[in-house]
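**Q** Give me coordinates for this.
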Amino acid sequence: GTCINVACIPTKTLISAARVLREVQGSQAYGVTLPEQDGGADALAQARIELASFRARKEAVVGGMVAAHEKMFPASGMDFVKGTARFVAERTVEITLTDGSTRRVRGARVLINTGTTPSVPAIEGLGGVPYWTSEDLLALPELPRRLVVLGGGVIGVEMASLMGLLGVPVTLLHSGEHVLDREDADVAAEVTTGLEALGVTVLTGARATRVGAAPGGGVVVAAQDGREARGSHLLVALGRSPVTANLGLEAAGVETTERGFIKVDDHLRTSAEGVYAAGDVAGTPQFTHASWNDFRVLRDLLAGEEASTSGRLVPWAVFTTPELGHVGLTEAEARAAGHEVRVAKTPTAAVPRAKTLGRTEGFYKVVVDADTDEILGAAIIGPEASEVVTSVQMAMLGGLTWRQVRDAVITHPTMGEGLNIVLDSLG
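**A** Numbers count the residues shown, from 1 in each chain. Okay, here's the model as predicted:
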């Protein structure tokens, strides 16, 4: 699937390696050096990625996980078929196998889980220049001298952050008021600060209207307001589109939305009897953990138990440096929903563990209901934010009030202890 091959796993593997590079380059601040004959601290500061090894580590991680799944599937007892399938009738697909032959299969129940692929919108001149999608970038054929990124969503900011860690100058263009449109403005601003610290120039309110070849090589992107960005390479990170166009869904009686996603109810049933859809292609939030939850819902439903996707609490993380972890409502969403809101907010620098790590950028922000003390949501920016936010999620699922979390005895010194600290600010 997308996650293991061309998304989460390769991206986070590369980001982890790039963070190691950054740690090595800054290791003098931790008292680390080399013998003088080997260049001393200056040599560490000049450390660089060896691209072939960098790429090989990513491919080894991905290859190992793919191989494990290829053993797991047939071991479960399933008939595991490799090929390209298309509906030819109700609950019936014709599969073009890898050897060119075909096979027709009919099921009492059918699950569509074809995922998404990078979107490439119609921008004047884009078809006339070389460009990368996120999947192309992950192949790492080379490091750009300067990268232009179109799109300030999760993929765009993660890729910009990755390239910044590797020392590549980046210009990111985003059409919205701030990157990560769904986030509160202060959260987006802090993420932007982190990007800028890595050498990323962020241009907001900049909708790309034209792309062309730059004199002397590379590309130039023009925005609607006259601003331009130039680079040796161009990354198009403008969302993902569902893989439904060539599935023959009309033959199966499966309806789609205007954007091409498969219509499902909260039991993941499509418009066709006995046909279900799950994951990205069904409009599920585009996170692997949400797709895994779809699986659990389907597993229980097909076993005759009650299960639904309705009302589930789906956290997310953005693996910039520093990273962002989020769960629940933003402050703006909470106010729009009619809650009387209180907001707890504390710099990550106030967390003792962050001081010991020497990584104090970011903040902790928790949104609570002033009338009920219910935790409505949280955004955490800092080291291991993707892990810390799980503690908030568990508290929300367990119905704990913010006071109960504030007074919980959390291990010291950990990043999780920041939850005590931020909620102390509410009194």
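**Q** Quote the end-to-end distance of stretch 297-314.
**A** 14 Å (CA to CA, to the nearest Å).
**Q** State the mean pLDDT of that stretch.
**A** The average pLDDT for stretch 297-314 rounds to 97.
**Q** Quick one: distance of it to the chain centre.
**A** Chain-centre distance of stretch 297-314: 24 Å, with CA atoms, centre = their mean, to the nearest Å.
**Q** So for that stretch, what gets flagged as buried?
**A** Within stretch 297-314, the residues that count as buried by 16 or more other CB atoms under 10 Å are 297-298, 301, 307, 309. C-betas here are computed from N, CA, C, even on glycine.
**Q** Nearest to Trp316 among those?
**A** Comparing those against Trp316 with CB to CB places Thr309 closest, at 15.9 Å.
**Q** for the closest one, what are its contacts?
**A** 266-268, 284, 293-294, 297 (CB atoms under 8 Å, 6 or more residues apart in numbering).
**Q** run the last query once more with 7 Å
**A** 266, 268, 294, 297 (CB atoms under 7 Å, 6 or more residues apart in numbering).
**Q** Are any of those residues buried, and if so which?
**A** 268, 294, 297.
**Q** Name the SS class of the closest residue to the first one other than its chain neighbours, please.
**A** When you say that, I think you mean Leu268. In space, and not counting its chain neighbours, Leu268 is closest to Tyr276: 4.9 Å by CB to CB, 6 or more residues apart in numbering. Classification of Tyr276 using DSSP: H, G, I helix; E, B strand; the rest coil returns strand.
**Q** How much space separates Tyr276 from Ala290?
**A** Look at Tyr276 and Ala290: by CB to CB, to the nearest Å, they are 15 Å apart.
**Q** Likewise for Ala75?
**A** As for Ala75, its distance to Ala290 is 26 Å (criterion: CB to CB).
**Q** out of the two, which sits in the more crowded spot?
**A** Each of Ala75 and Ala290 has its neighbours counted (other CB atoms under 10 Å); Ala290 has more, 18 against 9.
**Q** Asp280 is in contact with that one, correct?
**A** No: Ala290 sits out of contact with Asp280 when judged by CB atoms under 7 Å, with a separation of 8.7 Å.
**Q** In helices only, show me the contacts of Thr309.
**A** Taking DSSP state H as the definition of helices, the contacts of Thr309 contribute 294, 297.
**Q** Quick check: end-to-end length of stretch 30-46?
**A** 16 Å.
**Q** And for that stretch, what's in contact with it?
**A** Taking CB under 7 Å, 6+ apart as the rule, stretch 30-46 contacts 24-25, 27-28, 358.
**Q** I'd like these written out as JSON lines, with neighbour count, secondary structure and distance to Ile4 added.
**A** Compiled in JSON lines, the contacts of stretch 30-46 are given as follows (neighbours: other CB atoms under 10 Å; DSSP: H, G, I helix; E, B strand; the rest coil; distance: CB to CB, whole Å):
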{"residue": "Val24", "neighbour count": "16", "secondary structure": "helix", "distance to Ile4": "28"}
{"residue": "Gln25", "neighbour count": "16", "secondary structure": "helix", "distance to Ile4": "30"}
{"residue": "Ser27", "neighbour count": "16", "secondary structure": "helix", "distance to Ile4": "32"}
{"residue": "Gln28", "neighbour count": "15", "secondary structure": "helix", "distance to Ile4": "37"}
{"residue": "Gly358", "neighbour count": "11", "secondary structure": "coil", "distance to Ile4": "33"}
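**Q** Identify, from those, the entry nearest to Thr204.
**A** For those, the nearest to Thr204 is Gln25 (28.7 Å; CB to CB).
**Q** Quick check: which element contains the residue lying closest to Val405 once chain neighbours are set aside?
**A** Nearest non-adjacent residue to Val405, counting by CB to CB, 6+ apart: Ala395, 5.0 Å away. Assigned by DSSP states H and E, Ala395 belongs to helix 385-397.
**Q** immediately after that helix, which helix or strand?
**A** helix 402-406.
**Q** Quick check: chain neighbours aside, which residue is closest to Ala252?
**A** Sequence neighbours aside, Phe87 is the residue nearest to Ala252 in space, at 3.9 Å (criterion: CB to CB, 6+ apart).
**Q** just checking, what packs against the helix or strand harbouring that neighbour?
**A** Phe87 belongs to strand 83-89 when assigned by DSSP H and E. For strand 83-89, the elements it packs on are strand 92-97, helix 249-252, judged by 3 or more CB pairs under 7 Å, 6 or more residues apart in numbering; DSSP states H and E.
**Q** Next, give phi and psi for Val220.
**A** Note on Val220: its backbone torsions stand at phi -130, psi 130 [degrees, to the nearest 10].
**Q** Please apply the same query to Ala214.
**A** According to degrees, to the nearest 10, Ala214 has phi -90, psi 140.
**Q** and the closest residue in space to it that isn't next to it in sequence, how many residues sit next to it?
**A** Leaving aside its chain neighbours, Ala214 sits nearest to Val220 (4.3 Å; criterion: CB to CB, 6+ apart). Counted with other CB under 10 Å, the neighbours of Val220 add up to 18.
**Q** what's near enough to touch Val220?
**A** Shown in contact with Val220 (CB under 7 Å, 6+ apart): 212, 214, 228, 230.
**Q** before we move on, what about Thr102?
**A** Contacts of Thr102 by CB under 7 Å, 6+ apart are 94-96.
**Q** Can you go through these and name the buried ones?
**A** The neighbour count (16+ other CB under 10 Å) marks 94-95 as buried among those.
**Q** Put together JSON lines for the contacts of Thr102, with pLDDT and distance to Pro315 on each row.
**A** Formatted as JSON lines, these follow (pLDDT from 0 to 100; distance: CB to CB, whole Å):
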{"residue": "Glu94", "pLDDT": "98", "distance to Pro315": "39"}
{"residue": "Ile95", "pLDDT": "98", "distance to Pro315": "36"}
{"residue": "Thr96", "pLDDT": "97", "distance to Pro315": "39"}
